[in-house]
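> Okay, sequence plus prediction incoming.
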Amino acid sequence: MKKKFAYLLVLVVLFSVVAAGCIGGEKTSTSTTPTTTKVETEKSQPTQTTKTTNVVIYGYGSEMITLDPSTEFSNSIVVLANVYECLVKYTPEGLKPWLATSWESNENGTVWTFHLRKGVKFHTGNEMTAEDVKWSIERTIRMGLGPAFIWDPVKKIEIVDDYTIKFYLKYPANLPLIASSAYGAYIMDSKYLSKLGDDKAIADWLNKGHDAGTGPYMIDKYDPKTEVILKKFPDYWGGWSDDQFDVAIIKIVPDASLREQMVVSGEIQITRDLPLDDIPKLKDNPNVVVDQTPSYQELYAFFNTKKPPLNNKLVRQALSYAVPYQDIVQYVLHGYGEVAKGPIPKGMFGYFEDLPTYHYDLNKAKELLAKAGYPNGGFKIVFTYTQGDEAEAKVAEIIKAEWKKLGIEVEIRPMNWEQQWALAKSDPAKAQDVFMMYWWPTYPTPYDFLFNMFHCEEEINFNLCYYCNPEFDKLIDEAVTLEGTQPEKAAELYKKAEKILIEDAPAIFFYYPDDIYVYHKSIKGFKDNPGYPQVVFFYELHKA
């Protein structure tokens with residue numbers, strides 16, 4: 001069940017979180033003026049005349065990467081999730097039908113049958129059938145890039161009839177959850193794409209700004225550095241109402257302060273990752289709405305458990321008590337987040353409110369250090385974080401000041417991601433003592449967090465604390481096989497594993513940052529879905 005992550009993912013995750021860490025800083029003086037949006041539609045598929053008043057614009061902070069649903073593993077899902085659809089849709093309230101209307105499994109979760117929605121058309125006009133589902137997933141598996149690992153449980157896919165498809169698994173897995181993934185689970189038009197040639201030819205065609213999806217919007221214009229224009233697909237199976245948007249634009253605006261001005265003026269209708277110290281005034285602004293919801297991100301600091309003195313559990317526990325968690329949330333996040341209660345973000349399956357966790361207690365920290373043989377500290381810690389991430393920098397400075405009270409010298413080293421990851425994956429004896437980074441799931445399962453960061457690894461990938469506890473591994477490896485058929489039992493096993501993890505203290509669990517979107521009063525219907533990071537589902541939006 002070993003997962004293989006694309007290198008690109010890590011770079012994008014960290015880049016995206018840097019954007020999420022807009023915590024004050026200098027403001028630009030650029031001003032904006034409200035404008036009437038006019039869309040020049042061009043190329044790809046035939047275009048109907050577009051009403052210029054029926055446009056919604058999402059101001060987004062970074063460029064697009066790729067448009068191939070089989071390999072996309074970065075921020076371009078903000079486009080793909082509006083153009084393509086999965087069999088199942090994840091929501092915090094539970095899994096919902098999407099291209100599949102229902103599904104069931106055998107008793108042990110090794111055979112899953114999905115019943116497909118009838119009458120669904122691709123943007124080409126072809127009808128979606130089980131052949132498209134089989135072809136799409138098999139292409140993703142065959143290419144083996146980016147998110148392809150999510151389909152590792154799949155042994156064989158069988159078409160029962162045009163609207164029924166069966167998956168045979170190598171081991172029990174929660175396949176409906178996997179089929180809801182924001183990455184690697186989109187269904188494509190096999191009839192159209194297969195005529196284009198091999199996988200590379202298909203990828204080249206897609207990355208020129210074409211699509212082959214079933215979603216409510218089609219790609220009309222694609223410039224990955226400036227904007228992506230999506231137009232309404234008239235034959236969308238979900239239907240349309242008059243107050244929905246005919247055109248949706250993702251406009252690339254890297255400057256957060258400029259995006260703030262634009263959403264207040266109405267030049268764009270929705271954005272995110274604005275300076276956190278500006279949120280209070282935005283909440284008081286009658287022209288905009290601030291939407292604040294828990295994200296599925298978490299900030300961690302990994303201890304080098306192979307290197308003295310951090311190979312001593314008592315030292316790791318002591319340092320975990322020497323963290324002013326609530327102060328960090330207030331100072332770094334301006335209160336827009338929560339202190340973490342373990343390794344799994346709040347709101348996800350596998351989160352437990354009643355886990356025993358560490359809290360700020362310097363006396364307890366000193367007591368544990370003395371018990372470990374370090375009554376006055378007396379050692380040095382090299383602490384690395386991603387250079388340019390203001391939130392991580394502030395956390396590091398707080399840690400340095402607090403651990404100094406224990407007689408511990410902390411050397412803070414900001415490093416670019418490639419450098420600090422390479423250092424951590426080298427000889428643990430020469431690696432940093434503490435490595436700080438964010439994580440969010442490929443699809444919302446606790447196994448994504450617990451396996452990737454804490455399961456025993458022969459070759460270090462993301463277990464950057466070098467933690468290895470066979471009892472912990474056994475619990476999570478069993479739990480993941482029960483998620484789809486016995487969730488209560490799976491939760492019980494995950495909870496036991498998380499208690500072990502907290503006791504062993506291979507990492508510090510800092511906080512869960514909130515997702516904060518700001519949208520103009522001219523739209524309504526927005527609802528953040530943490531299972532699809534940074535995605536605005538334009539079909540859900542309406543004119544206010």
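Happy to help now that I have it. Only a predicted model underlies this, so the values are computations on that prediction, with no experimental measurement involved. Residues are numbered from 1 along each chain as shown.
> Any idea how many residues pack against the residue nearest to Tyr321 when sequence neighbours are not counted?
Computed as Cβ to Cβ, 6 or more residues apart in numbering, the closest residue to Tyr321 that is not its neighbour in sequence is Ala365, at 4.1 Å. To be clear about C-beta, it is placed using only N, CA and C from the backbone, and glycine gets the same treatment. With neighbours defined by other Cβ atoms under 10 Å, the count for Ala365 comes to 25.
> Please apply the same query to Lys283.
Lys283 has 12 neighbouring residues, counting by other Cβ under 10 Å.
> ok, it - contacts?
If you count contacts by Cβ atoms under 8 Å, 6 or more residues apart in numbering, Lys283 has them with Val290.
> need the next SSE after the helix or strand harbouring the residue nearest to Tyr321, C-terminal direction.
Ala365 is located in helix 362-371, with elements delineated by DSSP states H and E. Remark: after helix 362-371, the chain's next helix or strand is strand 380-386, criterion DSSP H and E.
> What residues of that next one count as buried?
Across strand 380-386, burial judged by 16 or more other Cβ atoms under 10 Å covers 381-386.
> Would you format those as a markdown table with pLDDT and distance to Trp417 included?
What follows is the buried residues of strand 380-386, written out as a markdown table (pLDDT from 0 to 100; distance: Cβ to Cβ, whole Å):
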| residue | pLDDT | distance to Trp417 |
| --- | --- | --- |
| Ile381 | 98 | 20 |
| Val382 | 98 | 17 |
| Phe383 | 99 | 16 |
| Thr384 | 98 | 10 |
| Tyr385 | 98 | 10 |
| Thr386 | 96 | 6 |
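> just the residues you listed now: which is nearest Ser180?
For the buried residues of strand 380-386, the residue nearest Ser180 by Cβ to Cβ is Thr386; the value is 29.1 Å.
> how close does that closest one sit to Asn416?
Distance, Thr386 to Asn416, using Cβ to Cβ, to the nearest Å: 7 Å.
> chain center to stretch 443-455: distance?
13 Å (Cα atoms, centre = their mean, to the nearest Å).
> swap that for stretch 289-308, please
Using Cα atoms, centre = their mean, the offset of stretch 289-308 from its chain centre is 12 Å.
> now do stretch 456-476
The answer for stretch 456-476 is 22 Å, by Cα atoms, centre = their mean.
> ok, which stretches of the stretch 351-500 of the chain are helices?
362-371, 390-404, 417-424, 446-454, 470-482, 487-504 (DSSP state H, counting those that start in this stretch).
> Could you identify which of those helices is most buried?
When the helices of the stretch 351-500 of the chain are scored by mean count of other Cβ atoms under 10 Å, the highest mean neighbour count falls to helix 446-454 (a mean of 24).
> Run through who's touching that helix.
Looking at what lies outside helix 446-454 - Cβ under 8 Å, 6+ apart - the contacts are 1, 3, 5, 298, 300, 302, 343-344, 348-351, 439, 441-442, 461-465, 467, 472, 476, 479-480, 483, 494, 497-498, 501, 506-507.
> what do you get for stretch 370-377?
Contacts of stretch 370-377 (Cβ under 8 Å, 6+ apart): 309, 312, 314-315, 318, 366, 369, 403, 406-408.
> so is Gly59 in a helix, a strand, or just coil?
Secondary structure, DSSP: H, G, I helix; E, B strand; the rest coil: Gly59 is strand.
> Number of residues surrounding it?
Look at Gly59: counted by other Cβ under 10 Å, it has 26 neighbours.
> nearest to Gly215, of the buried residues of strand 380-386?
Proximity of the buried residues of strand 380-386 to Gly215 (Cβ to Cβ) peaks at Thr386, which lies at 33.2 Å.
> Please look at the closest one and Ala396 and confirm they touch.
No - with contact defined as Cβ atoms under 8 Å, Thr386 does not count as touching Ala396 (10.3 Å).
> in the stretch 51-200 of the chain, which ranges drop under the pLDDT threshold?
For the stretch 51-200 of the chain, residues meeting the criterion pLDDT under 70 lie at 51-53.
> ok, back up a step: quick one: which of the buried residues of strand 380-386 is nearest Ile270?
Nearest to Ile270 out of these is Thr386 (Cβ to Cβ; 26.9 Å).
> how is the protein carved up into domains?
Under the assignment automatic domain parsing, the domains of the chain span 7-287+521-543, 298-514.
> Those domains: lowest mean pLDDT?
Ranked by mean pLDDT, those bottom out at domain 7-287+521-543, which scores a mean of 89.
> what's the overlap in contacts for Thr386 and Ala396?
Counting by Cβ under 8 Å, 6+ apart, the common neighbours of Thr386 and Ala396 are Met436.
> returning to what we had before: show the buried residues in the contacts of helix 446-454.
Listed as buried from those are 3, 5, 298, 300, 302, 343-344, 348-351, 439, 441-442, 461-465, 467, 472, 476, 479-480, 483, 494, 497-498, 501, 506-507; burial here means 16+ other Cβ under 10 Å.
> Identify those among the residues you listed that sit within strands.
Within these, residues falling in strands by DSSP state E are 298, 300, 302, 439, 507.
> roughly how far apart are the third one and Tyr90?
In other words, Phe302. Distance, Phe302 to Tyr90, using Cβ to Cβ: 27 Å.
> Also the last one?
Between Ala507 and Tyr90 the distance, using Cβ to Cβ, works out to 26 Å.
> residues contacting the nearest residue in space to Met348 that is not next to it in sequence?
Distances taken as Cβ to Cβ, 6+ apart put Pro444 closest to Met348, at 5.2 Å, once the chain neighbours are dropped. Pro444 makes contact with 90, 177, 296, 348-349, 530-531, according to Cβ under 8 Å, 6+ apart.
> do that again at 10 Å, thanks
Taking Cβ atoms under 10 Å, 6 or more residues apart in numbering as the contact definition, Pro444 lies against 90-92, 177, 180-182, 296, 344-345, 347-350, 530-532.
> Among these, the buried ones, what's the ChimeraX command?
Buried residues within the contacts of Pro444, by 16+ other Cβ under 10 Å, are selected in ChimeraX with:
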select :90,92,177,180,181,182,296,344,345,348,349,350,530,531,532
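> give me the number of residues near Gln244?
Gln244: 20 neighbours (other Cβ under 10 Å).
> Check Lys430 too.
Lys430: 9 neighbours (other Cβ under 10 Å).
> Next, work out how far apart it and Glu458 are.
Plainly put, Lys430 is 19 Å away from Glu458 if you go by Cβ to Cβ.
> what does Ile412 give?
As judged by Cβ to Cβ, Ile412 and Glu458 stand 31 Å apart.
> now swap in Asn285 and tell me
Asn285 is 54 Å from Glu458, by Cβ to Cβ.
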